[in-house]
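In: Generate coordinates for the sequence data below:
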Amino acid sequence: MVSASPPRLAQGIDLDRIEAAIRSAERRTSGQIRVAVARFYFWGSVRRAADAAFARLRMNQTRRRNGVLLFVAPRLHQFAVIGDVGIHERVSDAFWGQVSLTLQTDFRGGDLTAGLLHAIDTIGDRLAEHFPPDPVGDNELPDRVEVER
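Out: Residues are numbered from 1 along each chain as shown. As a prediction, the model looks like this:
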């Protein structure tokens with residue numbers, strides 16, 4: 001009998017699948033993708049919380065300024081997508097709108113993991129267009145999902 005360990009979950013999000021998707025996307029690019037999940041309700045703006053997470057996770061300190069953060073507040077049914085200046089200069093607002101619409105559609109369907117997987121893949125493709133993989137394979141930021149306390 002083969003026994004599989006249960007998936008690591010945070011607010012219904014399969015962390016192992018998300019981290020594998022981040023690793024896969026980052027093999028195609030020197031860009032950096034992070035996901036942060038807010039565990040509890042908080043007062044204030046999701047955007048402000050996402051901006052604080054962006055700075056705390058050092059997303060604004062990559063060499064090429066090509067980090068993208070997907071910040072999810074499941075209990076508030078809200079999210080924010082933040083791209084650093086390097087990637088933001090190379091993509092249109094329509095791109096960020098497309099990513100947001102994908103997340104919103106999957107989230108409304110109740111599948112947070114699918115929404116994040118689709119968004120990571122889309123972002124990874126766009127990062128790869130503008131930021132090819134680093135020949136040294138330097139991964140500047142951890143690929144793990146940050147579960148906010």
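
In: which residues touch A21?
Out: By C-beta atoms under 8 Å, 6 or more residues apart in numbering, the contact set of A21 is L116, L117, I120, D121. Just so you know, the C-beta spots here come from the backbone N, C-alpha and C atoms, and that holds for glycine as well.

In: where in the chain is pLDDT low?
Out: 1-8, 41, 137, 149 (pLDDT under 70).

In: Which of the contacts of A21 sits closest to E148?
Out: L116 (15.0 Å; C-beta to C-beta).

In: give me every residue that touches the spatially closest residue to that closest one that is not a sequence neighbour.
Out: Distance criterion C-beta to C-beta, 6 or more residues apart in numbering; nearest residue to L116, sequence neighbours excluded, is I18 at 5.4 Å. For I18, the contact set (C-beta under 8 Å, 6+ apart) comprises V35, T113, L116, L117, I120, V145.

In: swap in G110?
Out: Per C-beta under 8 Å, 6+ apart, neighbours of G110: none.

In: That one and Q104: what is the separation?
Out: For G110, the distance to Q104 (C-beta to C-beta, to the nearest Å) stands at 12 Å.

In: Which residue ranges of the chain form helices?
Out: Assigned by DSSP state H, the chain shows helices spanning 15-26, 46-56, 85-88, 93-108, 112-130.

In: out of the ones you listed, which comes closest to D138?
Out: With respect to D138, and counting by C-beta to C-beta, the nearest of the helices of the chain is helix 15-26 at 10.4 Å.

In: Please consider this matter closed, and thank you.
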